[in-house]
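J.: from the sequence below, what's the structure:
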Amino acid sequence: MSIGVLALQGDFREHASVLRSLGAEVELVRRPAELDRVDGLVIPGGESTVMDKLSRAFGMAGPLKDAVRSGMPVYGTCAGLIMLSDTILDGIAGQQTIGGLDITVRRNAFGHQTSSFETDLDVPVFGGKPVHAVFIRAPIVDTIGPGATALATVADGRCVAVEQGNLLGTSFHPEITGEFRFHEYFLQKVSNAAFRA
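T.: Here you go, the predicted model:
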């Protein structure tokens, strides 16, 4: 199973390390030819506006949209969640997304870097102990369309983890806390998709 990590910007190295520790073969993806070689893709946290601009500059925006439409499993964290959303409420002028998740997101919904925080989340699909989550300039899922399903919410009821078919997104950064269950859940999606193919 070969997993790509979009390596245009952001904390792609941390995701690659987690995926390798879980037994996946990992390829850093910067070009369409590299995307063609992987079974699933992780879009890391970082700066969504920069990631958008670089994806277009590197000729990746179209191939990424095509991959999502074709059913490739994709997991986006923080900025990656923004990239997978169908709509951004407060994007900068001209900001685009890959789309695929039937959600509307709000960038930096919890405030600036100094407002970063950690909390425990109940994630029913995992059962067992809560997920310890770190939020750094994190987005929030403002609305969820009928195609998507919330997986976790913060205390005030706002959604911070969502899935839709082969797509998975979190507002937070499990790759930096030693919390690997979302990556394992994603790898199962990739495995299931490969089995169905």
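
J.: and the residue sitting nearest the centre point of the chain, which of the three is it?
T.: Nearest residue to the geometric centre of the chain (C-alpha atoms, centre = their mean): G76, 0.7 Å. Per DSSP: H, G, I helix; E, B strand; the rest coil, the local secondary structure of G76 is strand.

J.: residues contacting it?
T.: 42-43, 82-84, 167-170 (C-beta atoms under 8 Å, 6 or more residues apart in numbering). C-beta coordinates here come from the backbone N, C-alpha and C atoms, glycine included.

J.: for it, list each beta-bridge partner.
T.: G76 has these beta-bridge partners by DSSP bridges: I43, G169.

J.: and stretch 30-45, C-alpha only, in CSV?
T.: Extracted as CSV, the C-alpha positions of stretch 30-45 are listed here (Å, rounded to 0.1, in the frame of the first residue of the first chain):
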residue,chain,number,x,y,z
ARG,A,30,4.8,17.3,-5.5
ARG,A,31,4.0,16.4,-9.1
PRO,A,32,1.1,14.7,-10.9
ALA,A,33,3.3,11.7,-11.9
GLU,A,34,3.9,11.1,-8.2
LEU,A,35,0.2,11.3,-7.4
ASP,A,36,-0.4,8.7,-10.1
ARG,A,37,1.7,6.2,-8.2
VAL,A,38,-0.1,6.2,-4.8
ASP,A,39,-3.2,4.5,-3.5
GLY,A,40,-4.2,7.2,-1.0
LEU,A,41,-3.1,10.8,-0.1
VAL,A,42,-2.7,12.8,3.0
ILE,A,43,-2.9,16.6,2.8
PRO,A,44,-1.1,18.0,5.8
GLY,A,45,-1.6,21.1,8.0
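
J.: distance from the chain centre to that stretch, please.
T.: 13 Å (C-alpha atoms, centre = their mean, to the nearest Å).

J.: so which bits of it are buried?
T.: 30, 34-35, 38-45 (16 or more other C-beta atoms under 10 Å).

J.: now do stretch 121-132
T.: For stretch 121-132, by 16+ other C-beta under 10 Å, it's 121, 123, 126, 131.

J.: could those go into JSON lines alongside secondary structure and pLDDT?
T.: Formatted as JSON lines, the buried residues of stretch 121-132 follow (DSSP: H, G, I helix; E, B strand; the rest coil; pLDDT from 0 to 100):
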{"residue": "L121", "secondary structure": "strand", "pLDDT": "96"}
{"residue": "V123", "secondary structure": "coil", "pLDDT": "97"}
{"residue": "F126", "secondary structure": "coil", "pLDDT": "95"}
{"residue": "V131", "secondary structure": "strand", "pLDDT": "95"}
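
J.: what does the helix ranked longest in the chain rub up against?
T.: For the chain, the helix with the greatest residue count under DSSP state H is helix 181-196. By C-beta under 8 Å, 6+ apart, the residues outside helix 181-196 that reach it are 1, 3, 15, 18-19, 22, 24, 39-40, 42, 71-73, 75, 123, 125-126, 131, 161, 166, 168, 170, 174-175.
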